[in-house]
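[1] A structural model of the following input is requested.
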Amino acid sequence: MSDLAILLLSILAAAVPTLLYVGIIYWVDRYEKEPWWLLVAAFLWGAVPGILIALFFNRLLSAPLLALLGSDLGMATAPWLIGPPVEESIKGIALLAIFIFWRSEIDSPLDGIIYGAIVGMGFAMVENVFYFVDTFNQGGVEAWGVNIVLRALVFGLNHALFSSFAGLSIAIARLSTNRQIQIGLPILGWATAVFLHFLHNFTVTLGNVFILLALLFDWGGVVLILAIILWAVLQERRWLRQYLAEEVALGTLTSHQFLRASSGRKRTYYLIQTFLEQGVRANRRAAHFFLQCSQLAYAKHHWKLFQDEKSAQEIAMLRQEIVALGSHMR
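    Now for the predicted structure:
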């Protein structure tokens, strides 16, 4: 096969699983989808500047290691000693930027996991292309195929897993009133991401039976983050039911609107029904109505924690908009 063909096939092999994983990650966010432009920006940060900056610093910081340990030992050591802190720091820049400039988009722990995973998926996709092409050049088609299976499928969620812990810690810190948690937890989240990354790279570098340990650690981490996602989704549903129930008594919502807005399943059914019976415009209006209901619940939770004027103003505006949107819904 030509170099161009290998490059195109490698891009395809990296992109298809990534798009599948990103779709699943996006679907998990059931009650309040994050802005698509911010998700795209996070993904592109991981995919383009993140990769280039990581490549520069990995090579720069590996140079003393190669000089000290020699070429072979230095090349074997750099991936687990240099790579994890460099790459998790670079991915963490995107999460820190979201926290600083778009912190209002972080309404729950799930949001932090989503942004962290999306940054990680962008980084992983482009990194995989480099590895696939390099593996083909060194080992041929068979090694190339094995590398695709390992990196895109078996270990395909690794970068998302690592940076999701950093994102989770930032989200929890954002919703905490404890100053020590606000400062210390993001550092702990970054350290967790670095440690998990180190653990994976170290065991894979050793090879043989240690790859089984890598599988155990990595998929154990995936199971843990899935459990946290389930907890976060259930917590969001509790917030919706608690805070939106109060709006029925205030006249913001009818009882039927409350039942739909506080259930992911009923939301989905209503949106499908609206699309089939009333068309795209009505469907989009209903989707916006449900989004604003979620925003209202999160704003009320934020006001309960911080008693801030901004949240109070947001609650008042959201109530007005929900009443206006609700008047067009059955």
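
[2] report how many residues lie close to residue 59.
    By other CB atoms under 10 Å, 12 other residues sit near residue 59. (C-beta placed from N, C-alpha, C; glycine too.)

[3] what of the one 5 residues further on?
    Number of residues near residue 64 (other CB under 10 Å) recorded here: 11.

[4] how is the chain divided into domains?
    By the assignment in automatic domain parsing, the chain contains the domains 3-206, 237-326.

[5] next, format those domains as CSV and append distance to residue 217 and mean pLDDT.
    As requested, these are arranged in CSV below (distance: least, CB to CB, whole Å; pLDDT from 0 to 100):
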stretch, distance to residue 217, mean pLDDT
domain 3-206, 5, 94
domain 237-326, 31, 95
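
[6] most tightly packed of the ones you listed?
    domain 3-206 (a mean of 19; mean count of other CB atoms under 10 Å).

[7] any chance of the domains of the chain in TSV, plus distance to residue 225?
    Below are those laid out as TSV (distance: least, CB to CB, whole Å):
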stretch	distance to residue 225
domain 3-206	5
domain 237-326	19
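
[8] which stretch among the ones you listed comes nearest residue 221?
    Judged by CB to CB, the one of these that comes nearest to residue 221 is domain 3-206, at 5.0 Å.

[9] helix, strand, or coil at residue 34?
    Under DSSP: H, G, I helix; E, B strand; the rest coil, the three-state class of residue 34 is coil.

[10] quick one: it and residue 117, what's the gap?
    11 Å (CB to CB, to the nearest Å).

[11] residue 287 against residue 272, yeah?
    No: counting by CB atoms under 8 Å, residue 287 does not reach residue 272; the two are 11.1 Å apart.

[12] who touches both of the two?
    Common neighbours of residue 287 and residue 272 are not found (criterion: CB atoms under 8 Å, 6 or more residues apart in numbering).

[13] give me the contacts around the one helix or strand residue 256 maps to.
    For residue 256, the element it lies in under DSSP states H and E is helix 255-261. The set of residues external to helix 255-261 that reach it, using CB under 8 Å, 6+ apart, is 240, 244-245, 247-248, 253, 266-267, 270, 289-290, 293-294, 326, 329.

[14] starting at the chain centroid, how far to that helix?
    How far helix 255-261 lies from its chain's middle: 29 Å, per CA atoms, centre = their mean, to the nearest Å.

[15] likewise for stretch 200-212?
    26 Å.

[16] what's the answer for stretch 96-116, then?
    9 Å.

[17] give me the pLDDT for residue 330.
    Listed pLDDT for residue 330 reads 68.

[18] just the CA atoms of stretch 102-118, as PDB, please.
    Backbone C-alpha positions of stretch 102-118 (Å, rounded to 0.1, in the frame of the first residue of the first chain) are rendered in PDB as follows:
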ATOM      1  CA  TRP A 102     -17.200  29.800  30.600                       C
ATOM      2  CA  ARG A 103     -17.700  28.600  34.200                       C
ATOM      3  CA  SER A 104     -21.500  29.200  33.900                       C
ATOM      4  CA  GLU A 105     -21.600  26.100  31.600                       C
ATOM      5  CA  ILE A 106     -20.300  23.900  34.400                       C
ATOM      6  CA  ASP A 107     -23.600  23.200  36.200                       C
ATOM      7  CA  SER A 108     -22.900  19.700  37.600                       C
ATOM      8  CA  PRO A 109     -20.100  17.100  38.100                       C
ATOM      9  CA  LEU A 110     -21.300  15.400  34.800                       C
ATOM     10  CA  ASP A 111     -20.400  18.600  32.900                       C
ATOM     11  CA  GLY A 112     -16.800  18.300  34.100                       C
ATOM     12  CA  ILE A 113     -16.600  14.700  33.000                       C
ATOM     13  CA  ILE A 114     -18.000  15.600  29.600                       C
ATOM     14  CA  TYR A 115     -15.600  18.300  28.900                       C
ATOM     15  CA  GLY A 116     -12.600  16.300  30.100                       C
ATOM     16  CA  ALA A 117     -13.600  13.300  28.000                       C
ATOM     17  CA  ILE A 118     -14.100  15.400  24.900                       C
END
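
[19] nothing else from me, thank you.
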